[in-house]
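[1] let me see the structure of the following:
(one chain, ligands or ions: 1)
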Amino acid sequence: MSPDSPSKKELIAVKGTHDILPGEVEIWQKVEAEVKRLVEAYGYRELRAPIIEPTELFEKGTGETTDIVTKEMYTFIDKSGRSITLRPEYTPSVARAIVEHRLDLLGTPMRYYTIGPMFRYDKPQKGRYRQFHQVDIEVFAEKDPAIDAEIVEMADSLLRSLGVTETETRVNSVGCKACRPDFSRALRERAEAVRDKLCEDCRRKIETNPLRIFDCKVAGCREQARAFPKITGYLCGECRDHFAAFRRFLDLSGVGYKVDENLVRGLDYYTKTTFEVINLSGGQQNAVLGGGRYDDMMKDFGGPDICGIGFAMGMERLMAMITLKPEPRRFLYVVHAGEAAKAKAVELARFFRRGGVETLIEFGGRSFKNQFGRANKLGSSWVLIVGEDEAAKGIYQLKDMAAGTQTGGTPDELLRRILRPSCESAGD
Ligand code: AMP
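    Numbering: from 1, shown residues only. Got it, this is the predicted structure:
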């Protein structure tokens, strides 16, 4: 190792990030395909926003008093002096994209989804990463509580379709700009009375945003928060009606749920409905997905007055609950010996790949026997034998590894045999 080369210790992944390796990646792809299939069946369309955004977007959107903005953002100054942040969540980016491209004027349903990485500088532990992945779902311009229920029902269907059943759905209402000030006042009074039992951070929150005390992870603060006033006692008429109608629609959809009056969620922009799905056998980091309504966010951005609702599901936490196995791959392994045969083998590999067959050819200069050993070890379905003789005649041997049978033929015939084995044996 030269004096300038990095030490071995520096060559590991950044703390709180992880690789998704072959073997695992196939399961991610399967889950992502199922997410796409299901949410598109509900009318959602993919919207891919950049991973970096102006820092101000999250300060305004996520909220300046949230843990995400005050403690967890990956923020840096770029070469031209702009403050840039790696997105810690997706909703502000969608709101920005809508305003920037005036998607609200297109007349198409404003239902968007994305799957991608998010970044939060939090203490890494099981189920909590610094780079993690979310499925994010957003609906805009739908005020009706029926959509709140539809979204929760869609989240539930998604989990069921992936075989996840050990979950609990929790719902609440966090009120709106009209009713939250009264609640915040009551909360502030109550928190003030137990100030010395709260952590330093929560003492600060008494002044800035007492609702955020519910997000605190310190056990003593959680204990105190359990006895705090509940928002449900402070809802205005409109929020009460919305919450009741939401639950009525949810009852009709057949999704089981619990009302959890402490569920305020860690973001400032929520209004009315909030919900979470919990992994019942998960440890501390047991929320698989969470979301809610944000009727004022767009307007607060200086955009049009369009309401929104959505949820984000953590892929890592979802994957931990999934028992899917990767499908065994079916592929052809081309063995070859000699220079003339090698050139022919390369050409044949191209031919079979173009024909739609996954084909592997390796160039280690191994003997026929060793290449057969490799093909066997890698679990290939077929082996194509390309020697000097075969290359000269244009007739090759194909071995079916499971059946142990070997047949000869032209590349066209062998391709047909691989693609349509039953027709071939029936003399097609
Ligand atoms: P939030 O955006 O905080 O509402 O989180 C939505 C979902 O994203 C959670 O329910 C988790 O499944 C997932 N999530 C949030 N933060 C993390 C993290 N640091 N590591 C892994 N998953 C996370």
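[2] and the residue of the chain closest to the ligand?
    Closest residue of the chain to the ligand, Cβ to the nearest ligand atom: Gly314 (2.2 Å). The C-beta positions use only the backbone N, C-alpha and C, and glycine is treated the same way.
[3] identify the residues contacting that residue.
    By Cβ atoms under 8 Å, 6 or more residues apart in numbering, the contact set of Gly314 is 127, 132-134, 287-289.
[4] where does the residue nearest to Arg96 when sequence neighbours are not counted land in three-state SS?
    Among residues not flanking Arg96 along the chain, Leu57 sits closest, at 5.8 Å (Cβ to Cβ, 6 or more residues apart in numbering). Secondary structure assignment for Leu57 (DSSP: H, G, I helix; E, B strand; the rest coil): helix.
[5] can you get me a residue count around Leu57?
    16 (other Cβ atoms under 10 Å).
[6] please apply the same query to Arg317.
    Arg317 has 23 nearby residues by other Cβ under 10 Å.
[7] quick check: residues of the protein near the ligand?
    89, 120, 122, 127-129, 132, 134, 266, 287-290, 312, 314, 316-317 (Cβ under 6 Å from any ligand atom).
[8] which residues does the residue positioned nearest the centre of the chain contact?
    Residue closest to the average C-alpha location in the chain (Cα atoms, centre = their mean): Gln134, at 2.9 Å. Neighbouring residues of Gln134 by Cβ under 8 Å, 6+ apart: 89-90, 115-116, 118, 312-315.
[9] narrow those to those in helices?
    Judged by DSSP state H, those include Met315 as members of helices.
[10] what's the closest of the contacts of Gln134 to Leu398?
    Ranked by distance to Leu398 (Cβ to Cβ), the contacts of Gln134 are led by Ile115 at 39.3 Å.
[11] beta partners of the residue lying closest to that closest one once chain neighbours are set aside?
    Nearest residue to Ile115 in three dimensions, chain neighbours excluded: Val135, at 5.1 Å (Cβ to Cβ, 6+ apart). Assessed by DSSP bridges, Val135 has beta-bridge partners Ile115, Met313.
[12] now Thr359
    On the basis of DSSP bridges, Thr359 is bridged to Leu332.
[13] neighbours of the nearest residue to Glu261 once chain neighbours are set aside, just the number please.
    Leaving out its chain neighbours, the residue that sits closest to Glu261 by Cβ to Cβ, 6+ apart is Lys230, at 4.1 Å. With neighbours defined by other Cβ under 10 Å, the count for Lys230 comes to 13.
[14] check Gln224 too.
    21.
[15] for stretch 30-41, what is the average pLDDT?
    Average pLDDT, stretch 30-41: 97.
[16] and if you look at stretch 176-183?
    90.
[17] go on, stretch 358-372?
    On average, stretch 358-372 scores 92.
[18] let's see that stretch as PDB, backbone CA atoms only.
    Provided in PDB are the C-alpha atoms of stretch 358-372 (Å, rounded to 0.1, in the frame of the first residue of the first chain):
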ATOM      1  CA  GLU A 358     -29.500 -15.000 -20.100                       C
ATOM      2  CA  THR A 359     -26.000 -16.200 -21.200                       C
ATOM      3  CA  LEU A 360     -22.700 -16.300 -19.300                       C
ATOM      4  CA  ILE A 361     -19.300 -16.700 -21.000                       C
ATOM      5  CA  GLU A 362     -16.100 -16.400 -19.000                       C
ATOM      6  CA  PHE A 363     -12.600 -15.900 -20.300                       C
ATOM      7  CA  GLY A 364     -10.200 -17.300 -17.700                       C
ATOM      8  CA  GLY A 365      -8.600 -19.800 -20.100                       C
ATOM      9  CA  ARG A 366      -9.900 -22.700 -18.100                       C
ATOM     10  CA  SER A 367     -10.100 -26.300 -19.400                       C
ATOM     11  CA  PHE A 368     -13.400 -27.700 -20.700                       C
ATOM     12  CA  LYS A 369     -13.600 -29.700 -17.500                       C
ATOM     13  CA  ASN A 370     -13.100 -26.700 -15.300                       C
ATOM     14  CA  GLN A 371     -15.600 -24.700 -17.200                       C
ATOM     15  CA  PHE A 372     -18.200 -27.500 -16.700                       C
END
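[19] which residues does the closest residue to Met110 other than its chain neighbours form beta bridges with?
    Leaving aside its chain neighbours, Met110 sits nearest to Phe140 (3.7 Å; criterion: Cβ to Cβ, 6+ apart). Phe140 has the following beta-bridge partners by DSSP bridges: Gly308.
[20] what's the burial count for Phe140?
    Counted with other Cβ under 10 Å, the neighbours of Phe140 add up to 22.
[21] contact partners for it?
    Residues near Phe140 by Cβ under 8 Å, 6+ apart: 98, 104, 110-112, 298, 306-308.
[22] closest to Glu207 out of those?
    Distances from Glu207 to these, taken by Cβ to Cβ, are shortest for Met298, at 27.7 Å.
[23] the closest one and Ile231: what is the separation?
    Using Cβ to Cβ, to the nearest Å, Met298 is found at 23 Å from Ile231.
[24] comparing those two, which shows the higher neighbour count?
    Ile231 (27 against 24).
[25] any chance you could map the helices in the stretch 201-350 of the chain?
    For the stretch 201-350 of the chain, applying DSSP state H, counting those that start in this stretch gives helices covering 219-226, 237-253, 297-300, 315-319, 339-354.
[26] could you export the fourth one as PDB, CA atoms only?
    Only the C-alpha atoms of helix 315-319 are listed here, as PDB (Å, rounded to 0.1, in the frame of the first residue of the first chain):
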ATOM      1  CA  MET A 315     -38.200   0.000   2.400                       C
ATOM      2  CA  GLU A 316     -35.600  -1.300   4.900                       C
ATOM      3  CA  ARG A 317     -38.200  -1.800   7.500                       C
ATOM      4  CA  LEU A 318     -40.600  -3.400   5.000                       C
ATOM      5  CA  MET A 319     -37.800  -5.700   3.700                       C
END
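[27] summarise which helices and strands that helix is packed against.
    Helix 315-319 sits against helix 25-41, strand 131-140, strand 287-293, with contacts defined as 3 or more Cβ pairs under 8 Å, 6 or more residues apart in numbering; DSSP states H and E.
[28] need the winner for burial among the ones you listed.
    Among the helices and strands packed on helix 315-319, ranked by average contacts under mean count of other Cβ atoms under 10 Å, first place goes to strand 287-293 (a mean of 25).
[29] partner strands of it and their direction?
    Here strand 287-293 has these sheet partners by DSSP bridges: strand 271-279 (antiparallel), strand 308-314 (antiparallel).
[30] and the angle from the last one to strand 131-140?
    For strand 308-314 and strand 131-140, the angle between their directions (axes from the mean of the first three to the mean of the last three Cα atoms, to 10 degrees) works out to 160 degrees.
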